[in-house]
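[1] Need coordinates for the following:
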Amino acid sequence: MNHFETALDLRKGADPELVERIEAALDTITRKTTADGGWGPYPRTSDEILGRTEPPRPLRDQRSGLWGYVGAVPPRYAQAQPFADGLAWVRRPESPAWELIDLAGETVIDASSGYLAAERFAEGLAWVSRDEAGGWYAIDQHNRLIVPGGFDDAKAFHRGLALVKRGGWGVIDRHGRMIVPPRFRGFVTPLVSGGPIEGFTDEGLAVVDAGDDHVGVVDRAGQLVVAPEHAAVVIHPVAFLVADRFGLWGALDRQGGPLVELKYKEQADVLEELDRLVIDGRPVL
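    Below is the predicted model:
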């Protein structure tokens, strides 16, 4: 049944205005075919679905040497960062401090705040510092202090959490609560499907470096899932690939228990064994 037959079938006893709206919608969908000629809505990016447009890009004027934003803000800045969350940090030639502007070029936070360093906004928060050597804390778009602390370094918030450094690296939430104490050398998470990524995976797992070639896994709640006693850990969709100091690979289940013996020289051999476990129906979760 094509969409015209569908509309005729719906017309019987239906509200005429509703039928007209359905027909118009079906016509639109039919015209928007997929790239391979199939029937259905045309493919769109997440930004298109949510109605988001690409923000203006920073561009340096060759004559003046100053920075502006293409089609939005004329070149008048000594430095300009890309827009994030509809805001961008810029610095004028006559000032050592950064100021915050919106997409129209209007000043949101002026240079009198004295921020000598500033990072992009993410999830409504940005890390700023009045000390180029550190002293990072988080503010909101109204220049209100949200996360104090004066950290040595900090990364942008992602899903309510941010990596922070005070001696070692840890994790803090947007309310200033320390989720993972700053005792690790780093949070760099290798994935079987790609990576590594900095911080947590989408399911809330991160590989932590405890030093002395010992790595483990923590979750978003700050719980240690895999003790930092392995030479390497790689996140697998249903397991953890682990290696010892001799370069032999095996796997742990998602509770950190043994799953595949540490005896393989290649990760690929462990992946094959995990595939067999899944096909055979043996528990791997």
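
[2] Okay, strands next: where are they in the stretch 1-150 of the chain?
    Applying DSSP state E, counting those that start in this stretch to the stretch 1-150 of the chain gives strands spanning 58-60, 67-69, 73-77, 79-80, 87-91, 99-102, 107-109, 117-118, 126-129, 136-139, 145-151.

[3] Now mean neighbour count too, for those, in TSV please.
    C-betas here are computed from N, CA, C, even on glycine. Listed next are the strands of the stretch 1-150 of the chain as TSV, based on neighbours: other C-beta atoms under 10 Å:
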stretch	mean neighbour count
strand 58-60	15
strand 67-69	21
strand 73-77	18
strand 79-80	18
strand 87-91	23
strand 99-102	20
strand 107-109	16
strand 117-118	20
strand 126-129	24
strand 136-139	23
strand 145-151	16
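
[4] Show me the shaky parts of the stretch 1-150 of the chain.
    1-52 (pLDDT under 70).

[5] Show me where it has its helices.
    3-11, 16-31, 46-49 (DSSP state H, counting those that start in this stretch).

[6] Export the strands of the stretch 1-150 of the chain as TSV, with columns for distance to residue 205.
    Shown next, in TSV, are those (distance: least, C-beta to C-beta, whole Å):
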stretch	distance to residue 205
strand 58-60	35
strand 67-69	37
strand 73-77	40
strand 79-80	36
strand 87-91	31
strand 99-102	34
strand 107-109	35
strand 117-118	30
strand 126-129	24
strand 136-139	24
strand 145-151	23
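
[7] So which of those is nearest residue 225?
    Among those, strand 145-151 comes nearest to residue 225, with 24.9 Å by C-beta to C-beta.

[8] in its sheet, what does the closest one sit against?
    When pairing is defined by DSSP bridges, strand 145-151 lines up against strand 136-139 (antiparallel).

[9] Quick one: residues in contact with the strand it pairs with.
    The contact list for strand 136-139, computed with C-beta atoms under 8 Å, 6 or more residues apart in numbering, reads 117, 125-129, 145-154, 157, 162, 164, 174.

[10] in the sheet, who's paired with the nearest residue to residue 80 once chain neighbours are set aside?
    Nearest residue to residue 80 in three dimensions, chain neighbours excluded: residue 67, at 3.8 Å (C-beta to C-beta, 6 or more residues apart in numbering). Beta bridges link residue 67 to residue 60, residue 77, judged by DSSP bridges.

[11] what distance separates the start and the end of stretch 96-106?
    19 Å (C-alpha to C-alpha, to the nearest Å).

[12] Name the surrounding residues that touch that stretch.
    Residues contacting stretch 96-106 (C-beta under 8 Å, 6+ apart): 55-56, 69, 72-74, 79, 83, 86-92, 107-118, 128, 141.

[13] And that stretch, how far out from the chain middle?
    Stretch 96-106 has its average C-alpha position 24 Å from the chain's average C-alpha position, going by C-alpha atoms, centre = their mean, to the nearest Å.

[14] okay, the nearest residue to residue 172 once chain neighbours are set aside: pLDDT?
    Spatial nearest neighbour of residue 172, chain neighbours left out: residue 164 (5.0 Å); criterion: C-beta to C-beta, 6+ apart. Looking at residue 164, its pLDDT is 96.

[15] heading toward the C-terminus, what's the first helix or strand past the strand or helix carrying residue 164?
    When elements are assigned from DSSP states H and E, residue 164 belongs to strand 161-166. Scanning forward in sequence from strand 161-166 by DSSP H and E, the next helix or strand is strand 168-173.

[16] for the residue nearest to residue 236 when sequence neighbours are not counted, what are its contacts?
    Excluding its sequence neighbours, the residue lying closest to residue 236 (C-beta to C-beta, 6+ apart) is residue 192, at 4.8 Å. Applying C-beta under 8 Å, 6+ apart, we find residue 192 in contact with 234, 235, 236, 237, 241, 267, 271.

[17] Pick out whichever of the residues you listed sits closest to residue 205.
    Taking C-beta to C-beta as the measure, residue 205 sits nearest to residue 235 out of those, at 5.9 Å.

[18] for residue 116, what are its contacts?
    Counting by C-beta under 8 Å, 6+ apart, residue 116 makes contact with 96, 97, 98, 129, 130, 131, 132.

[19] Test my guess that the last one contacts residue 118.
    No. In terms of C-beta atoms under 8 Å, residue 132 does not count as a neighbour of residue 118; the distance is 11.1 Å.
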